[in-house]
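Asks: Any chance you could fold what I've pasted below:
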Amino acid sequence: MPVSSGEGILAATVAQRYYVDGDSKVKIAADLGISRFRVARLLEIAVAEKIVRFTITAPLAQNIELSEMVRKRFGYRQVIVVDAPEDESDPARLRRRVGAAAASVLSDLVTDKDVLGIGWGRTMSAMATELTHLAPCPVVQLGGMAGSVTENSLELVRRVSEIGGGRAYPLFVPLVVRDAATAAGLRNQPGVESAMRLFKSITIGAVAVGSWDPPESQMREALDPAVREMLMRRGVAAEILATLIRKDGSVVTDIDDRTTALDYEGLRQIPELILVAAGANKANAIRSAIHAGLGTTLVTDRSLARALTRLP
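Replies: Below you'll find the model as predicted:
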């Protein structure tokens, strides 16, 4: 039976005082001149009519032992391993959990004195979705646009800067273009140039790691097939932004002059570089990044961490 507008307003008032203000049912009843039973009924109405909606957020479980094992073995400053029970069955859910952990790390690390650089990728998109607090600081897009319509680097920077309230420095250009002359022209555009000028000032960066072997990389799939085949023959195993890395950590530079992104040396200069990756099939890609000397913090899940420890 539908409730009247007057009863709906009263139910909202009771719900506000009970769930938000913390008043007891007895106090609410006394103040409003109604019975405790009426208060209880109004609370039921508030839930039934969706005047009140509940969100239950489960705390992230960190596998401390595995985190410390990976940190010591590979020399990271910090490792966060999410102990996700479903980590090998649902990639999207796993990315959300790892993204939430990365959002927590970012919230703890970033201050208003920092310049934050943001990469792109599906796990990075999950991080931006889960981010609820960030100190106000400049947020710089570390590479041109790549990814899907909803999960691209431009959208990521917009979301992150909105959370913190700091100024955004986007790059309204593609990540990889047809030739070096086009890339040079794009880099000289005023908006692009002002954002890329901040690359040297970045104090904290958060980036995803793409895997080429086995293939799990949006950049890899977006490249022209002939270019992709050429780079695979050159031994590319992983990518961070547009930096292509072999298994031994050496860098493949064949398309560097066609990209609009912070380069390998720039990545190495960031004092705090957070690598975000989910899924055991990215273990070789993470090891490639380690060999290349990239990353001070790793945020990942149990399946990837265990795969890393099993690598020779």
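Asks: Name the residues that touch the helix-or-strand element of the chain with minimal mean pLDDT?
Replies: Each helix and strand of the chain was given a mean pLDDT (mean pLDDT, DSSP states H and E); the minimum falls on helix 5-15 at a mean of 85. For helix 5-15, contacts defined as CB atoms under 8 Å, 6 or more residues apart in numbering pick out 3, 28, 32, 39, 42-43, 45-46, 49, 51-52. (Glycine included, C-beta is placed from N, CA and C.)
Asks: Next, report how far it is displaced from the centre of its chain.
Replies: In terms of CA atoms, centre = their mean, to the nearest Å, the centre of helix 5-15 is found 39 Å from the chain centre.
Asks: same question, stretch 113-129
Replies: Relative to the chain's own centre, stretch 113-129 is displaced by 4 Å; criterion: CA atoms, centre = their mean.
Asks: So Asp257 lies in a strand, does it not?
Replies: No - per DSSP: H, G, I helix; E, B strand; the rest coil, Asp257 lies outside any strand segment and is helix.
Asks: Could you report the pLDDT at the nearest residue to it once chain neighbours are set aside?
Replies: In space, and not counting its chain neighbours, Asp257 is closest to Ala180: 3.9 Å by CB to CB, 6 or more residues apart in numbering. With respect to pLDDT, Ala180 scores 93.
Asks: Next up, the contacts around the nearest residue to His291 once chain neighbours are set aside.
Replies: Nearest residue to His291 in three dimensions, chain neighbours excluded: Gly249, at 2.7 Å (CB to CB, 6+ apart). Residues counted as contacts of Gly249 (CB under 8 Å, 6+ apart) are 288-293.
Asks: And the least confident helix or strand of the chain, what's buried?
Replies: Within helix 5-15, the residues that count as buried by 16 or more other CB atoms under 10 Å are 8, 10-12, 14-15.
Asks: can you check stretch 258-274 too?
Replies: Neighbour-count burial for stretch 258-274 flags 258-264, 266-267, 270, 272-274 (criterion: 16+ other CB under 10 Å).
Asks: Could you export that stretch as CSV, CA atoms only?
Replies: Presented in CSV, the C-alpha positions along stretch 258-274 are these (Å, rounded to 0.1, in the frame of the first residue of the first chain):
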residue,chain,number,x,y,z
ARG,A,258,55.5,8.0,-32.7
THR,A,259,54.1,8.1,-29.1
THR,A,260,52.8,10.9,-26.8
ALA,A,261,53.7,9.5,-23.4
LEU,A,262,56.3,9.8,-20.6
ASP,A,263,59.2,7.7,-21.8
TYR,A,264,61.3,5.0,-20.1
GLU,A,265,63.8,7.4,-18.5
GLY,A,266,61.0,9.6,-17.3
LEU,A,267,59.3,6.6,-15.6
ARG,A,268,62.6,5.8,-13.9
GLN,A,269,62.9,9.3,-12.5
ILE,A,270,59.5,9.2,-10.7
PRO,A,271,60.3,8.9,-6.9
GLU,A,272,57.2,6.8,-6.2
LEU,A,273,56.0,4.7,-9.1
ILE,A,274,53.0,2.4,-8.3
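Asks: Which stretches in the chain count as helices?
Replies: Here the chain has its helices, by DSSP state H, at 5-15, 25-32, 36-48, 64-74, 91-109, 122-130, 153-164, 180-187, 190-197, 218-222, 225-233, 264-269, 283-291, 302-310.
Asks: Poorly predicted segments of the chain, please.
Replies: Scanning the chain for pLDDT under 70 picks out 1-3, 5, 55-60, 85-89, 147-152.
Asks: Got the domain ranges for it?
Replies: Following automatic domain parsing, one finds the domains of the chain at 5-48, 64-310.
Asks: Single out the most deeply packed of those domains.
Replies: Scoring the domains of the chain by mean neighbour count under mean count of other CB atoms under 10 Å gives domain 64-310 as the most buried, with a mean of 19.
Asks: Ends of that one, what's the gap?
Replies: In domain 64-310, first residue to last residue: 18 Å (CA to CA, to the nearest Å).
Asks: Stretch 208-226 too?
Replies: Taking CA to CA, stretch 208-226 runs 25 Å from one end to the other.
Asks: ditto for stretch 238-251
Replies: End-to-end for stretch 238-251, by CA to CA: 10 Å.
Asks: got it, and stretch 43-63?
Replies: End-to-end distance of stretch 43-63 (CA to CA): 39 Å.
Asks: and that stretch, how far out from the chain's middle?
Replies: The chain centre lies 24 Å from the centre of stretch 43-63; the measure is CA atoms, centre = their mean.
Asks: What are the contacting residues of that stretch?
Replies: Residues outside stretch 43-63 that contact it (CB under 8 Å, 6+ apart): 3, 7-8, 11-12, 14-15, 18-19, 25, 80-84, 97, 100-101, 104, 302, 305.
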